[in-house]
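Peer 1: Please work out how this folds:
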Amino acid sequence: MSNLKSDGTRSKASDDGAKSVPAGLAMALALPQRMAEVNLEAASELMMFMSRRMEAQSALFRGLGHCHNLGSVVEAQRAFWEQATEDYSKEVTELADIARAGVAKVAGAVAGDTASARAA
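Peer 2: Here you go, the predicted structure:
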């Protein structure tokens, strides 16, 4: 069965099919790209957080070297753990925000691609 009419022009169905292929490919590529972007953003944030925590751990050890009695050691460790608790709490919130934004980004890509595929 040919896609050409008797006058040699292409049929409407053939043109629609040709338009839907690029739209389908764009949709197939957009979702994995958005998901990768979200994963990389979360991984980047987590690596920065881990770096800050390692710097804090290093500062604790440097500070412990200057402690001259048990009270100052206990105080240094108390301050460290108080800050660590606050930092971890903030980080959980930050990662949750990234996850929410990521879900919206992926959902938007799916919704946008579905709408563009219908339009094509």
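
Peer 1: What pLDDT is listed against the residue nearest the centre of the chain?
Peer 2: For the chain, the residue nearest the mean C-alpha position is Val38 (1.6 Å; C-alpha atoms, centre = their mean). pLDDT recorded at Val38 is 89.

Peer 1: From Ser89, how far off is it?
Peer 2: According to C-beta to C-beta, to the nearest Å, Val38 and Ser89 sit 22 Å apart. For glycine as for every other residue, the C-beta is placed from the backbone atoms N, C-alpha and C.

Peer 1: Quick one: list the elements packing against the helix or strand harbouring Glu41.
Peer 2: Glu41 belongs to helix 12-64 when elements are defined using DSSP states H and E. Here helix 12-64 touches helix 70-119, going by 3 or more C-beta pairs under 8 Å, 6 or more residues apart in numbering; DSSP states H and E.

Peer 1: Contact partners for Ala84?
Peer 2: Listed by C-beta atoms under 8 Å, 6 or more residues apart in numbering, the contact partners of Ala84 are 53, 56.

Peer 1: Name the surrounding residues that touch stretch 67-81.
Peer 2: 56-57, 60, 63-64.

Peer 1: mind redoing it with 10 Å?
Peer 2: For stretch 67-81, the external contacting residues (C-beta atoms under 10 Å, 6 or more residues apart in numbering) are 56-57, 59-64, 66.

Peer 1: Output these in TSV, with neighbour count, distance to Ala96 and pLDDT appended to each entry.
Peer 2: Below are those laid out as TSV (neighbours: other C-beta atoms under 10 Å; distance: C-beta to C-beta, whole Å; pLDDT from 0 to 100):
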residue	neighbour count	distance to Ala96	pLDDT
Ala56	13	22	97
Gln57	12	24	97
Ala59	13	27	97
Leu60	17	27	97
Phe61	10	31	96
Arg62	10	32	96
Gly63	16	32	96
Leu64	13	33	95
His66	8	37	95
